[in-house]
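Enquirer: Predicted model and sequence below, questions to follow.
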Amino acid sequence: MPEFDIPEQSSRSPEESSSEPVFRPGAGPDHPLRVQVHRPGTGVLVLSAGGTLDTATTADFAELVRHRLECTASGLVLDLAHIEFIDTDGIITLLETATRAQARGVELVLVPGPSVTRLLELLEVGDRFVREDSAEHAVSNAQAAVRGRSR
């Protein structure tokens, strides 16, 4: 199963740098975005991510998800149970992914961890996703939806 690390990137230019550390909860070299992709069965692709999904990592994550949406069969599970920190850029990426999936006819199922769930609820956008508590349930439901559409 392929695994990718998306490194932290600083949005500061060298002249903006200061001696004070920039505080971003969960972010930093100890919590890069880690992504694994696997196919547990016919018609469904699982993209599991852990670490930090924020301004520094969303562009690469969005590109990876866009590519997988183009290549995937009929179901995509985004397992974000191990995301330790997410910001609004991460949520925007998830909303854009949901829109793209719907346009392509791909069943998207989200497995949010506590930090993702908290921000989805704070921003009042959680109802825009089909959500499951575990990747296993998400895969099972996505496969059922794929089979239901093929009949």
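Expert: Done, it's in.
Enquirer: would you list every one of the helices in this protein?
Expert: 58-71, 88-104, 114-122, 135-150 (DSSP state H).
Enquirer: Serialize the ones you listed to a markdown table and add fields for mean neighbour count and distance to Gly51.
Expert: The C-beta positions use only the backbone N, C-alpha and C, and glycine is treated the same way. Formatted as a markdown table, the helices of the chain follow (neighbours: other CB atoms under 10 Å; distance: least, CB to CB, whole Å):
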| stretch | mean neighbour count | distance to Gly51 |
| --- | --- | --- |
| helix 58-71 | 16 | 10 |
| helix 88-104 | 17 | 11 |
| helix 114-122 | 17 | 11 |
| helix 135-150 | 17 | 17 |
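Enquirer: so which of these comes closest to Val77?
Expert: Between Val77 and these, the tightest spacing by CB to CB is seen for helix 135-150, at 4.4 Å.
Enquirer: Now do the closest residue in space to Gly50 that isn't next to it in sequence against Gln143, distance only.
Expert: Closest residue in space to Gly50, ignoring its immediate chain neighbours: His82 at 3.2 Å, by CB to CB, 6 or more residues apart in numbering. According to CB to CB, to the nearest Å, His82 stands 22 Å off from Gln143.
Enquirer: Run through the residues that contact Thr58.
Expert: Asp89, Gly90, Ile92, Thr93 (CB atoms under 8 Å, 6 or more residues apart in numbering).
Enquirer: Is the second one in contact with Ala56, as I believe?
Expert: No: using CB atoms under 8 Å, Gly90 is not in contact with Ala56; the gap is 10.4 Å.
Enquirer: still on that earlier bit, ok, the residue nearest to Gly50 touching Leu53?
Expert: No: using CB under 8 Å, His82 makes no contact with Leu53, being 10.5 Å away.
Enquirer: more crowded one of the two?
Expert: Leu53 (30 against 15; other CB atoms under 10 Å).
Enquirer: so what's the more buried one bridging to?
Expert: Ile86 (DSSP bridges).
Enquirer: so what's it up against?
Expert: Leu33, Phe61, Leu80, Ile83, Phe85, Ile86, Asp87, Gly90, Thr93.
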